[in-house]
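Asks: Sequence first, predicted model second:
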Amino acid sequence: MVMECIVFLETHKSGSSRDAVEAAVQMGFFTILFTQQMKKLHQREEYPDVHQMIFVKDLRDKGVIYEHLRIINKQEKQIKALVSFVDPFVHLAAEIAAELGSASLSVDALYKMEDKTRFRETLKGHPAAPEHAVLPLKEDGDTLFHTHVNQLPVILKSPVSNGSKDVLLIDDKDAFLTACSYFKKQAGLSSLLLEEYVEGPQYLIEIIVEHGNVHLAAVIEQVISKEARFIITGYLMPAPLPDSSLEELQTVMESIVEQLGLSHGTCHAEMRRTVHGWKLIEINPRISGSAVNQLIYESTGISLVKETLKLNLGYPIDCTPKNQLSAYAHFITMQRKGKLIKVTGKQKAKTVEHIKKVYVKPRRGSILSAPVSMGHRYAYVIAAAPDPDEAVSAATSAAREIKFHLEPV
């Protein structure tokens with residue numbers, strides 16, 4: 001009997017990429033994971049939803065991937081889709097799937113969105129695009145500052161950053177020079193992206209495009225910490241926006257994905273609502289990671305990763321909400337560095353009314369620190385209720401029950 005398979009290029013231990021693997025199992029598929037992280041094979045028992053795990057030293061090596069695919073095909077397994085929900089393999093997976101004839105995603109658009117310089121250059125002149133410049137790192141910081149910085153503050157970032165890593169708010173020349181020195185030390189980095197700083201509340205937009213039809217599957221309000229690194233500590237779904245703003249957002253997103261050439265595929269955008277209209281902060285060729293897929297599910301009953309898999313399989317998608325609840329995800333960060341001794345209060349947090357999930361990421365003995373990227377968010381709580389204030393109150397109350405006991409290092 002031939003088994004129908006979905007092949008995944010990498011997954012995280014939890015979050016949207018792992019939700020996608022679990023969704024594939026629920027859909028009746030045999031799941032195969034290609035990973036370049038040996039620790040996943042050492043922790044094999046923690047991935048029961050992965051039916052077959054294959055170690056690949058470098059997932060960018062298409063020749064090695066094709067060799068493994070040939071072996072799979074000889075094992076009476078039929079590959080129905082090859083996908084990735086993890087940077088930087090989304091475009092590669094779509095490219096291989098197209099070559100195999102198993103998907104028809106907009107490969108070029110996904111490629112553009114994987115690099116911040118590429119998508120900024122493609123959208124140059126678009127009304128929603130902030131001003132930007134590409135800075136060659138070979139020039140000295142003083143020259144770059146006087147040539148390119150016309151007003152402060154500005155944003156300086158790596159073209160391949162994700163999860164708010166290496167995204168810096170620059171408010172004076174000294175900060176700019178320090179940032180340039182920091183980026184010059186990073187291997188393989190030849191340029192920086194300088195962007196206009198945009199004021200206004202920020203929203204996460206989850207988009208799925210099916211044969212040119214643009215579905216805004218989720219519009220989520222983000223709560224951003226006051227740190228310079230833009231760490232997001234809260235997500236409210238659905239965002240409390242008037243119909244007129246949502247209609248304007250729909251028009252703007254349709255225009256953006258058209259200019260990028262995305263006619264079939266998924267992406268998520270971070271947008272700011274300003275006095276001059278909607279402005280694009282980021283766009284990435286996949287669903288957001290971490291708790292976002294579950295947050296959307298608790299609010300609407302839609303599994304966006306499942307709909308993404310359906311898109312890759314050539315099945316019709318359905319983004320019609322089944323529920324209409326407000327859902328809030330609250331993330332926990334540390335204020336100081338330390339070695340984790342234990343975490344208490346998790347069970348108590350689960351007993352708070354309206355709580356749907358409590359997740360704690362680090363293991364005992366891990367070194368925790370104040371956040372410089374989204375990877376330094378160490379736990380989250382999701383609540384869902386008929387009223388948004390109830391959901392926010394429940395999630396923040398439950399989060400206060402969780403205590404991280406640290407030993408100074």
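Replies: All right, it came through fine.

Asks: Past the helix or strand where Ala20 lies, which element shows up next along the chain?
Replies: Ala20 is located in helix 16-26, with elements delineated by DSSP states H and E. Using DSSP H and E, the helix or strand that follows helix 16-26 towards the C-terminus is strand 30-35.

Asks: Helices along the stretch 1-150 of the chain, start to end?
Replies: Taking DSSP state H, counting those that start in this stretch as the test, the helices found in the stretch 1-150 of the chain are 16-26, 38-42, 62-73, 90-100, 107-113, 116-122, 141-148.

Asks: Would you mind putting these into a markdown table with mean neighbour count and distance to Tyr378 alongside?
Replies: All C-beta atoms are positioned from the backbone trio N, CA, C, and that covers glycine. Output for the helices of the stretch 1-150 of the chain, formatted as a markdown table (neighbours: other C-beta atoms under 10 Å; distance: least, C-beta to C-beta, whole Å):
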| stretch | mean neighbour count | distance to Tyr378 |
| --- | --- | --- |
| helix 16-26 | 22 | 17 |
| helix 38-42 | 12 | 19 |
| helix 62-73 | 14 | 33 |
| helix 90-100 | 21 | 26 |
| helix 107-113 | 22 | 28 |
| helix 116-122 | 19 | 26 |
| helix 141-148 | 15 | 34 |
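
Asks: can you put those helices in JSON lines and add distance to Ile355?
Replies: Putting those into JSON lines (distance: least, C-beta to C-beta, whole Å) gives the following:
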{"stretch": "helix 16-26", "distance to Ile355": "19"}
{"stretch": "helix 38-42", "distance to Ile355": "29"}
{"stretch": "helix 62-73", "distance to Ile355": "41"}
{"stretch": "helix 90-100", "distance to Ile355": "32"}
{"stretch": "helix 107-113", "distance to Ile355": "34"}
{"stretch": "helix 116-122", "distance to Ile355": "36"}
{"stretch": "helix 141-148", "distance to Ile355": "47"}
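
Asks: pLDDT on the helix holding Ala20, on average?
Replies: Averaging pLDDT along helix 16-26 yields 98.

Asks: for that helix, packing partners?
Replies: Packing partners of helix 16-26 (3 or more C-beta pairs under 8 Å, 6 or more residues apart in numbering; DSSP states H and E): strand 3-9, strand 30-35, helix 292-300, helix 304-313.

Asks: between these, which gets nearest to Glu247?
Replies: helix 292-300 (19.1 Å; C-beta to C-beta).

Asks: angle of the closest one against helix 16-26?
Replies: Orientation check (axes from the mean of the first three to the mean of the last three C-alpha atoms, to 10 degrees): helix 292-300 against helix 16-26 gives 70 degrees.

Asks: Distance from the chain centre to helix 292-300, please.
Replies: Offset of helix 292-300 from its chain centre (C-alpha atoms, centre = their mean, to the nearest Å): 14 Å.

Asks: Show me what it is in contact with.
Replies: Helix 292-300 has contacts (C-beta atoms under 8 Å, 6 or more residues apart in numbering) with 15-16, 19-20, 204, 206, 217-218, 220, 235, 237-238, 268, 287, 302-305, 321-329, 356-357, 382, 384.

Asks: How about stretch 90-106?
Replies: 9, 59-60, 62, 65-66, 69, 79-84, 107, 110-111, 113-114, 209, 261-265, 285-286, 311-314.

Asks: which residues touch the lengthiest strand in the chain?
Replies: As assigned by DSSP state E, the longest strand anywhere in the chain is strand 213-224. Around strand 213-224, the neighbours that count as contacts under C-beta under 8 Å, 6+ apart are 201-209, 230-241, 246, 249-250, 253-254, 257, 270, 292, 295-296, 299-300, 302, 304, 307, 317, 319.

Asks: Which of those residues fall within strands?
Replies: With DSSP E as the criterion, strands contain 202-209, 232-237, 270 from among those.

Asks: Out of those residues, flag the one nearest to Gln26.
Replies: Closest approach to Gln26 among these (C-beta to C-beta): Ile208, at 18.6 Å.

Asks: Make sure the closest one is actually in contact with Thr308.
Replies: Yes: counting by C-beta atoms under 8 Å, Ile208 touches Thr308, with 6.7 Å between them.

Asks: anything in contact with each of those two?
Replies: Thr266.
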